[in-house]
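Novice: Have a look at this prediction, sequence included:
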There are 2 protein chains.
Amino acid sequence: MTERERPMGPLPPGSTIGILGGGQLGRMLSLAAARLGLKCHIYDPAPAPPAAQVAAAHTAASYDDAEALLQFAWSVDAVTFEFENVPASTGAALAANAPVRPGPQAFAIAQDRVEEKAFLNGIGIGTAPWASVETETDLAAALAKTGAPGVLKTRRFGYDGKGQSRISDAGDLARAWEEIGGASAILEGFVAFQDEISVIAARGLDGQVVAYDPGRNEHRDGILHRTTVPAPVPRALTQQAVLMAGQILNALDYVGVIGVEFFCVGRDLLVNEIAPRVHNSGHWTQDACLIDQFEQHIRAVAGWPLGDGSRHSDAVMENLIGAEAEDWLRLSGEGQALHLYGKKEARAGRKMGHVTRLSPRG
Amino acid sequence: MTERERPMGPLPPGSTIGILGGGQLGRMLSLAAARLGLKCHIYDPAPAPPAAQVAAAHTAASYDDAEALLQFAWSVDAVTFEFENVPASTGAALAANAPVRPGPQAFAIAQDRVEEKAFLNGIGIGTAPWASVETETDLAAALAKTGAPGVLKTRRFGYDGKGQSRISDAGDLARAWEEIGGASAILEGFVAFQDEISVIAARGLDGQVVAYDPGRNEHRDGILHRTTVPAPVPRALTQQAVLMAGQILNALDYVGVIGVEFFCVGRDLLVNEIAPRVHNSGHWTQDACLIDQFEQHIRAVAGWPLGDGSRHSDAVMENLIGAEAEDWLRLSGEGQALHLYGKKEARAGRKMGHVTRLSPRG
């Protein structure tokens, strides 16, 4: 049975959503799906990933196990992902046997920083100055194009600051090239931004777009530390950010939730990064919105109409990284909602949970 | 290892809460526990109860299977219940081997309408006029005490209008006695109330009490249809209701969430019923409070401090009974949160889900 032969229309309650990846995002997607009476089947090589604790089924197999992927695709009614670094062959194997949402185009772009920047610039959206670096000999010309300082990043499979190296001047190039492992790379010029904001937006199977109010993000050690909603930046910027997110969703013919990170540079916005999935900077929606980003994504994947994206409260979300989650008792105190991900080991740099504090809408 | 030998203090994330009963309440308790990084183990005789879809473990065994109960008690860090009709022997078997919260006293009272009324009157809380009926020959004297009209109810194991029969006058007594099966009963006099309201309140292991704002309940065919929060009744009544709920919790040395239903009779409150568990009339807290009744119950059971019970929005919750849930697509529309319980068969009278509509706090 191919996608075309499956029943049309929204998936009814009782249907099963397949999720590749069983980390905290897969877990929170499963919890949201359960609220709607939908089941989840987690595909993750780990024997006991966090999402499996709250899902109806779990397949523990590698992402290149063709037989397991086929079985998985046939056992579910639609497939989605908690991470963007899905191997293209995995995505193709699934898409041949089940509706896959979002589709492969978004992954091809989000997996490759050069493709991503070219796509964004191609639809008229600004980014940091950038240059593609295929070999060490490209480095000098790239730096001339972007200007110093900058950051050399692997084109593919980087996240949370991994696979990146800072460059102050031309003397850093050789070291940086070695640090990132000499893989195909992008050199990005430094942007003197005042704030980073992000938009969590969704597009339904019917093309409807719903966006949450933008939040301001603060990072520590390259990992998101805090998101504040509403973002304390001029309204003209947040409105522009929402419109750009919609433009990106439509250009990609996207289905599901996307996270778009922006740099605020004076009165301009540059897109830093797009994530074709639910996004850490949207976790505040769990506590401050009637329909959160996880339910919104599940609705889109299941072909349901999107829910209301409005916010009933102002919110501040803070990540709990590594040992910070050991303070769970204090963090569960008055006025804040604690979310923990069911991970056993609190390794340094590992996202263990988050807390959200609400205040009346300003 | 008995309870005394288990580690003291709040159960850390990663601990397992055992829940007797895998229906929608067990399911929503599991979802709430997952948010806090706690696992759930469902004990329910059914092979695939709704809660098992979202819990880390499920034991399918009968409530009188001593060996299975023992294994279950030893495999979890605390035990709680989604329903009050736990056989006393089951509760005792569990309590000998694990912390059981709430404890047996609350069940002894909530399982028996005569014990319940006697307890309430004993702490100075009013109820409908009532009389105990052990045999058919008690009926006439009972009716003389309560006055007609009234309702004859089985003392034990009734819910949602089952095991009840209305009495208009003495001529109905024989038929009513037959209808309820001739079991030990209570005759309750009719109360001409203006409104029914309920309080969802919680008491922590440390004795802290937190209550949600009372809601007004409307029933259809003996089943809760709608809860409106805040209850549109005089503030003196809602405040009194909260104080009475606290009095009940303290008198029972209770740990967990309780639901207390009140009749508003002029400026007086009579308690209709207490439910020693999370309660249908508290489902609105999922969408209108930072910490909902399910998380509050899990916090109490795990020995955590209770969360904030304040409400960020006004709410109206409506149950979806039987075929009403087939309208899920429309019910998932703008401005409302849809909750479905993962039940396959939409039998008449079966609770399939609920919807909550929010509005800004008035």
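Specialist: Structure's in. What do you need?
Novice: In the stretch 151-300 of chain A, where is pLDDT below threshold?
Specialist: Counting by pLDDT under 70, the stretch 151-300 of chain A has low-confidence residues at A:158-162.
Novice: sec struct for residue A:272, please.
Specialist: strand (DSSP: H, G, I helix; E, B strand; the rest coil).
Novice: you'd agree it is up against residue A:261?
Specialist: Yes - Residue A:272 is within contact range of residue A:261, at 4.1 Å (criterion: C-beta atoms under 8 Å). Every C-beta, even on glycine, is put in place using the N, C-alpha and C of the backbone.
Novice: Please enumerate the shared neighbours of those two.
Specialist: Taking C-beta atoms under 8 Å, 6 or more residues apart in numbering or on different chains as the contact rule, residue A:272 and residue A:261 both touch residue A:196.
Novice: Can you give me the neighbour number for the residue nearest to residue A:113 when sequence neighbours are not counted?
Specialist: Distance criterion C-beta to C-beta, 6 or more residues apart in numbering or on different chains; nearest residue to residue A:113, sequence neighbours excluded, is residue A:186 at 4.4 Å. Neighbourhood size, residue A:186 [other C-beta atoms under 10 Å in any protein chain shown]: 25.
Novice: for the one 10 residues further on, same thing?
Specialist: Other residues near residue A:196 number 22, with proximity taken as other C-beta under 10 Å.
Novice: Is it correct that it is in contact with residue A:262?
Specialist: Yes - look at residue A:196 against residue A:262 with C-beta under 8 Å: they come within range, at 6.9 Å.
Novice: hey, what's in contact with both of the two?
Specialist: Joint contacts of residue A:196 and residue A:262 (C-beta under 8 Å, 6+ apart) are residue A:272.
Novice: Would you agree residue A:299 falls within a helix?
Specialist: Yes - Residue A:299: assigned to a helix according to three-state DSSP.
Novice: Is it in contact with residue A:293, as I believe?
Specialist: No - assessed by C-beta under 8 Å, residue A:299 is found out of contact with residue A:293, at 10.5 Å.
Novice: Identify the contacts common to the two.
Specialist: Contact criterion C-beta under 8 Å, 6+ apart; residues shared by residue A:299 and residue A:293: residue A:202.
Novice: Please work out the residue of the stretch 151-300 of chain A nearest to chain B and name it.
Specialist: residue A:290 (5.2 Å; C-beta to the nearest C-beta).
Novice: Nearest residue to that residue in space, ignoring adjacent ones along the chain?
Specialist: Counting by C-beta to C-beta, 6+ apart, residue B:337 is the residue found nearest to residue A:290 once chain neighbours are left out, at 5.2 Å.
Novice: Helix, strand, or coil at that neighbour?
Specialist: From three-state DSSP, the assignment for residue B:337 is strand.
Novice: Let's see the strand or helix carrying residue A:226 as CSV, backbone CA atoms only.
Specialist: Using DSSP states H and E, residue A:226 sits within strand A:223-229. Provided in CSV are the C-alpha atoms of strand A:223-229 (Å, rounded to 0.1, in the frame of the first residue of the first chain):
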residue,chain,number,x,y,z
ILE,A,223,23.2,25.9,24.0
LEU,A,224,19.8,27.7,24.4
HIS,A,225,19.6,28.9,28.0
ARG,A,226,16.4,31.0,28.2
THR,A,227,13.5,32.0,26.0
THR,A,228,11.4,35.1,26.9
VAL,A,229,7.9,35.6,25.4
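Novice: Now do that strand: everything it contacts.
Specialist: A:160-161, A:198, A:212-219, A:280-284, A:288, A:311, A:314-319, A:321, A:349, A:351.
Novice: What's the ChimeraX line that selects buried ones from these?
Specialist: Of the contacts of strand A:223-229, the buried ones go into a single ChimeraX selection, burial set by 16 or more other C-beta atoms under 10 Å in any protein chain shown:
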select /A:198,212,213,214,215,216,217,280,281,282,283,284,288,311,314,315,316,317,318,319,321,351
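Novice: From the contacts of strand A:223-229, which land in strands?
Specialist: Using DSSP state E, the subset of the contacts of strand A:223-229 located in strands is A:198, A:215-219, A:314-319, A:321, A:351.
Novice: Between those residues, which sits nearest residue B:240?
Specialist: residue A:314 (33.2 Å; C-beta to C-beta).
Novice: The closest one: what's its closest spatial neighbour, skipping adjacent residues?
Specialist: In space, residue A:314 is closest to residue A:359, 4.8 Å off (C-beta to C-beta, 6+ apart).
Novice: neighbouring contacts of the host helix or strand of the one you found?
Specialist: Using DSSP H and E, residue A:359 sits within strand A:351-360. Strand A:351-360 is contacted by residues A:24, A:223, A:280, A:283-284, A:286-288, A:313-322, A:324-325, A:328, A:331, A:335-341, A:343, A:346, B:37, B:290, B:312, B:361 when judged by C-beta under 8 Å, 6+ apart.
Novice: cutoff 6 Å now
Specialist: Contact with strand A:351-360 is made by A:283-284, A:287-288, A:313-320, A:325, A:331, A:335-341, A:343, A:346, B:290, as judged by C-beta atoms under 6 Å, 6 or more residues apart in numbering or on different chains.
Novice: Next, the angle from it to strand A:223-229.
Specialist: 20 degrees (axes from the mean of the first three to the mean of the last three C-alpha atoms, to 10 degrees).
Novice: what mean pLDDT does stretch A:319-329 have?
Specialist: For stretch A:319-329, mean pLDDT is 95.
Novice: Pull up the distance across that stretch, start to finish.
Specialist: Across stretch A:319-329, the terminal residues are separated by 15 Å (C-alpha to C-alpha, to the nearest Å).
Novice: And the pLDDT for the residue in the stretch 251-362 of chain A positioned nearest to chain B?
Specialist: The stretch 251-362 of chain A approaches chain B most closely through residue A:340 (2.8 Å), counting by C-beta to the nearest C-beta. For residue A:340, the model assigns a pLDDT of 97.
Novice: How about it: which residues does it bridge to?
Specialist: Under DSSP bridges, the beta-bridge partners of residue A:340 are residue A:353, residue B:36.
Novice: gap between the residue nearest to residue A:290 and residue A:313?
Specialist: Between residue B:337 and residue A:313 the computed distance is 15 Å (C-beta to C-beta, to the nearest Å).
Novice: neighbour-wise, which of those two wins?
Specialist: For residue B:337 and residue A:313, the more surrounded residue by other C-beta under 10 Å is residue B:337, and the numbers stand at 26 against 19.
Novice: my guess is that one contacts residue B:288, does it?
Specialist: No - the pair residue B:337 / residue B:288 is not scored as a contact, 9.6 Å apart, by C-beta atoms under 6 Å.
Novice: Touching both of the two, which residues are there?
Specialist: With contacts defined as C-beta under 6 Å, 6+ apart, no residue is shared by residue B:337 and residue B:288.
Novice: hang on, the earlier thing: who's in contact with the residue of the stretch 151-300 of chain A closest to chain B?
Specialist: Counting by C-beta under 6 Å, 6+ apart, residue A:290 touches A:308, B:287, B:337, B:358.
Novice: so can I have JSON lines of those showing distance to residue B:252?
Specialist: Output for the contacts of residue A:290, formatted as JSON lines (distance: C-beta to C-beta, whole Å):
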{"residue": "A:308", "distance to residue B:252": "40"}
{"residue": "B:287", "distance to residue B:252": "29"}
{"residue": "B:337", "distance to residue B:252": "32"}
{"residue": "B:358", "distance to residue B:252": "32"}
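Novice: So for these, which is the shakiest by pLDDT?
Specialist: Lowest in pLDDT among the contacts of residue A:290 is residue A:308, which has 89.
Novice: Tell me the span between the first and last residue of stretch A:198-211.
Specialist: Taking C-alpha to C-alpha, stretch A:198-211 runs 11 Å from one end to the other.
Novice: just stretch A:265-282 next, same as before
Specialist: End-to-end distance of stretch A:265-282 (C-alpha to C-alpha): 22 Å.
Novice: what's the answer for stretch A:209-216, then?
Specialist: Stretch A:209-216 end-to-end distance (C-alpha to C-alpha) = 21 Å.
Novice: With stretch A:41-52 instead?
Specialist: Stretch A:41-52: ends 8 Å apart by C-alpha to C-alpha.
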